[in-house]
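Participant: Just need the structure, nothing else, for what follows:
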Amino acid sequence: MSNVIVFMSDEHNPRYASPYGHPFVDTPSMQRLADNGTVFEHAYCPSPLCVPSRSAFLTGKRAHAVQAYGNTRNGIPPETNGLGALLAEHGVHTAFGGKVHAYRPVDELGFSETLAANDEGFVFDPAQERTPLAVRDGSAQRLSQYGPRDEPWGRDVEYMDAAVAWLTRRAPEIDRPWALYVNLVKPHFPHYCTQTLWDPYRDHGDLPEHGVEADTAQHPYAVDLRTHFELHDVPEEHVRGLRRGYYACVTFIDQQLGRLLSVLETSGLADTTNLIYTSDHGEMLGKFGLWWKCNLLEDAARIPCIAAGPDFPAGQRIATPVDLHDVQASVFSVTGAARPAEWNGTTLASIAPNDTERVVFSEYHGHGTRAGSFMVRRGNWKLIHNIAAPDQLFDLAADPEELESRLTTNPEIAADLSGVLTDICDPVAVQQQAEAFWQMQVAQFGPR
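Facilitator: Okay, the predicted model is just below:
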């Protein structure tokens, strides 16, 4: 049995990190973790939105089973057997720090200790409405929120300071396996940063390779998102500035990962502690004229997943798709705790390097699109089933940027993956449940 740290950033598209092949984003700590551990090349979130993704991770359930459809927590049924509580039942000491954004307040998540944490941001969201599609008034203001400013990191440094202090003073005293869950907000927008991190990217305020001219950008859900977030005619200056600021924010997260690596070495915990770096969802960063998340395309649904420590071999790369439920399963496995059989996920260490039959699933029911959507990936093929728009089928080996849907040319593959999806859930029933839940939230928690 060993210890584990899950370090979860917010909104990190793994394509913007050197272990995943990016040519210039400076991530030496991620590269160090990768060189000494295992890189999962195709990792996905349970849902490309904060509360649904984090809630699924903490409960072992699909987001729709938690009833975490959007970022409004009000009305989500309580969970009494979440990750923290179950680990404690099996003798594992747990600590939580940083951003919460989960199905319940942090003091109801069952962790043994809470470090510095932020449980704000759960007011009712009227812009969640999808029928008719709401426009998020003022969201275009986000497009100018980048570049150097004083104290750009919010409370992220405080969260990491608390984690480092805990590892230095508290962890060595614990006489049983422990799990530390650290959550930072960056590189989530706004893309503010320090001058020190802004300057190295002065020549890298670039443009996305694929913009609104791409066929995928014309899909009705993509059009919905641009309408919802007021993303029409984004000035080129803002596109370049936001991308440059994002690179700086990713490097900031990498520096915080480096702090964890350093304290593990100096505190003598490196040989007994696994460290898993991941995120709750990705970031479109201007691709197809889209920003942030809220869709099941690769840039929004993919996440980094790099694990190192006594339970993960060095220098290994796993092509088999995985997801955050597999990270959750690994927390139980390495600490020796029994995990409920009905929970989703398989421990990362047991996943074969190239299993072409393994299926991963993600879903989206939140703001910005006219109805829900579901994703299944098996091997190189990925189906996105859109409730109120045409489905999309991508061959990620031939078309990793998702520029061309192969739905009409490969109907047999689409039909096969549709069957895989219905084995996981009934999309029509889940859509109806999500809409009913939204109406309940409007009636009980909406503006009077």
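Participant: what's whichever strand or helix holds residue 51 packed up against?
Facilitator: Per DSSP states H and E, residue 51 falls inside helix 50-59. Judged by 3 or more C-beta pairs under 8 Å, 6 or more residues apart in numbering; DSSP states H and E, the packing partners of helix 50-59 are helix 63-66, helix 83-89, helix 324-335. Using the backbone N, CA and C atoms, a C-beta is placed for each residue, glycine as well.
Participant: SS state for residue 8?
Facilitator: strand (DSSP: H, G, I helix; E, B strand; the rest coil).
Participant: Where is the longest strand in the protein?
Facilitator: With secondary structure taken from DSSP state E, the chain has its longest strand at strand 178-187.
Participant: Quick check: next helix or strand after that strand?
Facilitator: Strand 178-187 is succeeded, C-terminally, by strand 191-193 (DSSP H and E).
Participant: Could I get the average pLDDT for that following strand?
Facilitator: The pLDDT scores in strand 191-193 average 98.
Participant: Local confidence estimate at residue 177?
Facilitator: 98.
Participant: My guess is it contacts residue 92. True?
Facilitator: Yes - with contact defined as C-beta atoms under 8 Å, residue 177 reaches residue 92; the gap is 5.1 Å.
Participant: Which neighbours do the two have in common?
Facilitator: Jointly contacting residue 177 and residue 92 under the rule C-beta atoms under 8 Å, 6 or more residues apart in numbering are 335, 336, 337.
Participant: Make TSV out of these and add distance to residue 385, pLDDT and neighbour count.
Facilitator: Output for the shared contacts of residue 177 and residue 92, formatted as TSV (distance: C-beta to C-beta, whole Å; pLDDT from 0 to 100; neighbours: other C-beta atoms under 10 Å):
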residue	distance to residue 385	pLDDT	neighbour count
335	36	98	22
336	38	97	13
337	35	97	20
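Participant: Out of these, which is nearest to residue 5?
Facilitator: residue 335 (11.4 Å; C-beta to C-beta).
Participant: right, and that closest one touches residue 2 too?
Facilitator: Yes - Residue 335 is in contact with residue 2 according to C-beta under 8 Å; the separation is 7.1 Å.
Participant: okay, and the common contacts of these two?
Facilitator: residue 177.
Participant: in the stretch 51-200 of the chain, which ranges drop under the pLDDT threshold?
Facilitator: Applying pLDDT under 70 to the stretch 51-200 of the chain flags residues 121-122.
Participant: between residue 177 and residue 92, which one's more packed in?
Facilitator: Remark: of residue 177 and residue 92, residue 92 carries more neighbours, 25 against 21, as counted by other C-beta atoms under 10 Å.
Participant: Dihedrals phi and psi, that one?
Facilitator: With angles defined as degrees, to the nearest 10, residue 92 sits at phi -100, psi 130.
Participant: Not including adjacent chain positions, what is the nearest residue to it?
Facilitator: Of all residues not flanking residue 92 in the chain, residue 335 sits nearest, at 4.6 Å (C-beta to C-beta, 6 or more residues apart in numbering).
Participant: Paired strands for the helix or strand harbouring residue 98, with orientation please.
Facilitator: For residue 98, the host element (DSSP H and E) is strand 93-99. Counting by DSSP bridges, the strands paired with strand 93-99 are strand 113-118 (parallel), strand 178-187 (parallel).
Participant: May I have the predicted confidence score for residue 448?
Facilitator: Residue 448 carries a pLDDT value of 66.
Participant: same check, this time on residue 445
Facilitator: On pLDDT, residue 445 comes in at 86.
Participant: now residue 442
Facilitator: The predicted local confidence for residue 442 is 86.
Participant: chain center to the helix or strand harbouring it, what's the gap?
Facilitator: Assigned by DSSP H and E, residue 442 belongs to helix 427-445. From the chain centre to the centre of helix 427-445 is a distance of 23 Å (C-alpha atoms, centre = their mean, to the nearest Å).
Participant: ok, now stretch 424-440?
Facilitator: 22 Å.
Participant: Please save the CA atoms from it in PDB.
Facilitator: The C-alpha coordinates for stretch 424-440 follow below in PDB (Å, rounded to 0.1, in the frame of the first residue of the first chain):
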ATOM      1  CA  ILE A 424     -24.400   2.600 -21.000                       C
ATOM      2  CA  CYS A 425     -27.500   4.800 -20.800                       C
ATOM      3  CA  ASP A 426     -30.700   5.600 -22.600                       C
ATOM      4  CA  PRO A 427     -29.900   9.000 -24.100                       C
ATOM      5  CA  VAL A 428     -33.600  10.000 -24.600                       C
ATOM      6  CA  ALA A 429     -34.400   9.200 -21.000                       C
ATOM      7  CA  VAL A 430     -31.300  11.000 -19.700                       C
ATOM      8  CA  GLN A 431     -32.300  14.100 -21.800                       C
ATOM      9  CA  GLN A 432     -35.800  14.100 -20.400                       C
ATOM     10  CA  GLN A 433     -34.400  13.700 -16.800                       C
ATOM     11  CA  ALA A 434     -32.000  16.600 -17.400                       C
ATOM     12  CA  GLU A 435     -34.700  18.900 -18.700                       C
ATOM     13  CA  ALA A 436     -37.000  18.000 -15.800                       C
ATOM     14  CA  PHE A 437     -34.200  18.700 -13.300                       C
ATOM     15  CA  TRP A 438     -33.600  22.000 -14.900                       C
ATOM     16  CA  GLN A 439     -37.300  23.000 -14.600                       C
ATOM     17  CA  MET A 440     -37.200  22.000 -11.000                       C
END
